[in-house]
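3D model of this:
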Amino acid sequence: MFAVDPLLNDVDFNSVWITVLKVVVAFAGLLVSVIAMIWFERKLHADFSNRLGPRVAGPFGTLQTIADGMKLLFKADLLPDQADKFVYKLAPYLSMVPAFLTFVTIPIAGNFTDGGTGTVKIAGHDTLLQVADPQIGILFVLAMSSIAVYGIMLAGWSSGSKYPLLGSVRASAQMVSYEAALGLSLLCVLLNSGSLSTNAIVQSQSNWNWNLWATGIVPFAVFLIAGTAETNRPPFDLVEAEQELVGGFHTEFTAFRFAMFYVAEFMNVITMSAILVTLFLGGPIGPNFGTTGWVAEFVLPFIWFFLKVLALLVVFVLFRTTLPRLRYDQLMDLGWKLLIPLSLGWFLLLVAVKVGEDNDWNVALVLAIALVAMISGAALLSVAIRTSRYRRAEEKVGA
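Model (predicted):
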């Protein structure tokens, strides 16, 4: 009576519903994590500042975030007369969606010890505890972070006001600049793991061979600083700079659309912490205390992943609490003159060591030669820059 598509015979519907289930759980879990993170940051920031923080709505103020969200939902949604209506409505989604799409590539649990592949059995089917594991996983992460720039840039441009536009221009310049340092520090991880897949990167860190010490502390530090700038977190929150730009790129946004930008910021912080844990801290890898079965494959790995992410979130809050905001010239100098050369130089050192090991050379000698060459090059570049500045200053005085 009804025609059946023959292609449906090749579809594994059990795999399909498991994938749908993982998508729903990941999205719901990330939203709940954002609500908890907003409360956590406000409470921890208050403790560091000797204040009380949220304490009225719910036990210990845990319902304050929900109360604020409900208030924003029922506020009037304004639309500026000079705004590009379509782009203005689209921009909040371009900021929020990439953060979630990045998170779907992160393995949050699974058995990675003793050569494990991170798979667990759900309803009799082997599956990874991550929504997707594309072979270009890390390139996908970088692509999504680039799309987030469009959300902020278009939000400022579409508002029809010069102050949001200034904020969005600052944001795009800042995020593009620090993406370079982010990518260069990432090369060290790829060199050590030999794969772009996030699952394979975690597998390469089994037996406590974490990239934190396998590649040295420098790529981790550069990635952490660049990731802080990418998420527009203090002390790199020049995107807002409220004393100059009123409120930044989202000045003209109200109600639910403003809430989406606010949620996107905290979602990006959680996602960036999860990426750092995956790349440098072994992901969900940790001691299993001799346990087996579901506890060893899911419960303990998820607990280790959660604790590592929580530790990095505390670091992000500490940055906000203790560090003063940089000037814009200091922000750009840090990215272009320190982080990019440092990450590039460290990557070249690792390449030299890798080539030396592969060819059975004296690694210490190779490392010494590479260091001398890099220091000499940096010194010559510094002299050339200083000489150029001196000549330009003389020309200005002579004019």
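
Which parts of the stretch 1-150 of the chain are helices?
With DSSP state H, counting those that start in this stretch as the criterion, the stretch 1-150 of the chain has helices at 13-48, 64-73, 85-103, 137-158.

Just tell me which of those ends up closest to residue 128.
When the helices of the stretch 1-150 of the chain are compared by Cβ to Cβ, helix 13-48 sits nearest residue 128, at 8.7 Å. (C-beta placed from N, C-alpha, C; glycine too.)

okay, and for the stretch 201-350 of the chain, where does confidence drop off?
Along the stretch 201-350 of the chain, the model assigns pLDDT under 70 to residues 240-247.

80 - rerun?
207, 237-251, 288-297, 328 (pLDDT under 80).

ok now stretch 157-173, how far from the chain's centre?
Its chain's C-alpha centre lies 22 Å from the corresponding centre of stretch 157-173 when counted by Cα atoms, centre = their mean, to the nearest Å.

Okay, buried residues for that stretch please.
157-159, 161, 163-173 (16 or more other Cβ atoms under 10 Å).

What ranges does the protein have for its strands?
With strands called from DSSP state E, the chain shows them at 119-122, 125-128.

Now render the helices of the stretch 1-150 of the chain as CSV, adding distance to residue 58 and mean pLDDT.
Shown next, in CSV, are the helices of the stretch 1-150 of the chain (distance: least, Cβ to Cβ, whole Å; pLDDT from 0 to 100):
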stretch, distance to residue 58, mean pLDDT
helix 13-48, 9, 82
helix 64-73, 7, 82
helix 85-103, 25, 85
helix 137-158, 31, 84
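
Tell me, how many residues neighbour residue 96?
For residue 96, the neighbour count with other Cβ atoms under 10 Å is 22.

residues in contact with the nearest residue to it once chain neighbours are set aside?
Spatial nearest neighbour of residue 96, excluding adjacent residues (Cβ to Cβ, 6 or more residues apart in numbering): residue 264 at 4.3 Å. By Cβ atoms under 8 Å, 6 or more residues apart in numbering, the contact set of residue 264 is 92, 95-96, 99, 148, 151.

how close does residue 264 get to residue 238?
Separation of residue 264 from residue 238 (Cβ to Cβ, to the nearest Å): 17 Å.

Could you chop this structure up by domain?
Using automatic domain parsing, the domain ranges for the chain come out as 75-350, 362-399.

Let me have these in JSON lines, adding distance to residue 43 as columns.
Below are the domains of the chain laid out as JSON lines (distance: least, Cβ to Cβ, whole Å):
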{"stretch": "domain 75-350", "distance to residue 43": "10"}
{"stretch": "domain 362-399", "distance to residue 43": "44"}
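
Need the winner for burial among those domains.
Stretch with highest mean neighbour count among the domains of the chain: domain 75-350 (a mean of 19; mean count of other Cβ atoms under 10 Å).

so how far is that one from its chain's centroid?
Per Cα atoms, centre = their mean, the centroid offset for domain 75-350 relative to its chain is 1 Å.

Endpoints of that domain, how far apart?
Distance across domain 75-350, first residue to last, is 54 Å (Cα to Cα, to the nearest Å).

per-residue confidence at residue 398?
Model confidence at residue 398, given as pLDDT, is 64.

pretty sure residue 103 is touching residue 28, no?
No. In this structure, residue 103 is not within contact of residue 28 by Cβ atoms under 8 Å, at 12.0 Å.

Wait, residue 109 touches residue 306, no?
No. At 9.4 Å, residue 109 does not count as touching residue 306 under the criterion of Cβ under 8 Å.

Distance check, residue 22 against residue 253.
32 Å.

quick one, what contacts residue 37?
266, 269-270, 313.

repeat that for 10 Å
65, 263, 265-267, 269-270, 273, 309-310, 313, 316-317 (Cβ atoms under 10 Å, 6 or more residues apart in numbering).

Now the residue nearest the centre of the chain: closest residue in space that isn't a chain neighbour?
Central residue of the chain (Cα atoms, centre = their mean): residue 272, 2.5 Å from the mean position. With sequence-adjacent residues excluded and distances taken as Cβ to Cβ, 6+ apart, residue 272 is closest to residue 227, at 4.4 Å.

ok, now which ones touch that neighbour?
Residues near residue 227 by Cβ under 10 Å, 6+ apart: 145, 178, 181-182, 185, 233, 236, 268-269, 271-273, 275-276, 312, 316.

In helices, which of those fall?
Judged by DSSP state H, those include 145, 178, 181-182, 185, 268-269, 271-273, 275-276, 312, 316 as members of helices.

could the residues you listed be laid out in TSV, adding distance to residue 388?
Supplementary listing: the ones in helices among the contacts of residue 227 in TSV, determined by distance: Cβ to Cβ, whole Å:
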residue	distance to residue 388
145	33
178	25
181	23
182	28
185	28
268	38
269	39
271	41
272	36
273	40
275	38
276	37
312	40
316	38
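
Which of the residues you listed sits closest to residue 221?
Ranked by distance to residue 221 (Cβ to Cβ), these are led by residue 185 at 8.4 Å.

Any figure for the gap between that closest one and residue 142?
If you go by Cβ to Cβ, the gap between residue 185 and residue 142 works out to 12 Å.

What of residue 283?
Distance of residue 283 to residue 142, computed by Cβ to Cβ: 18 Å.

now residue 108
With the distance defined as Cβ to Cβ, residue 108 ends up 20 Å from residue 142.

ditto for residue 96
Distance of residue 96 to residue 142, computed by Cβ to Cβ: 18 Å.

Same question for residue 160.
31 Å.

again with residue 255
From residue 255 over to residue 142 (counting by Cβ to Cβ), the distance is 32 Å.

cool, and residue 113?
29 Å.

swap in residue 231?
14 Å.

what does residue 132 give?
Where residue 142 is concerned, residue 132 sits at a distance of 16 Å (Cβ to Cβ).

Ok, residue 197 next?
According to Cβ to Cβ, residue 197 stands 14 Å off from residue 142.

No more questions from me, cheers.
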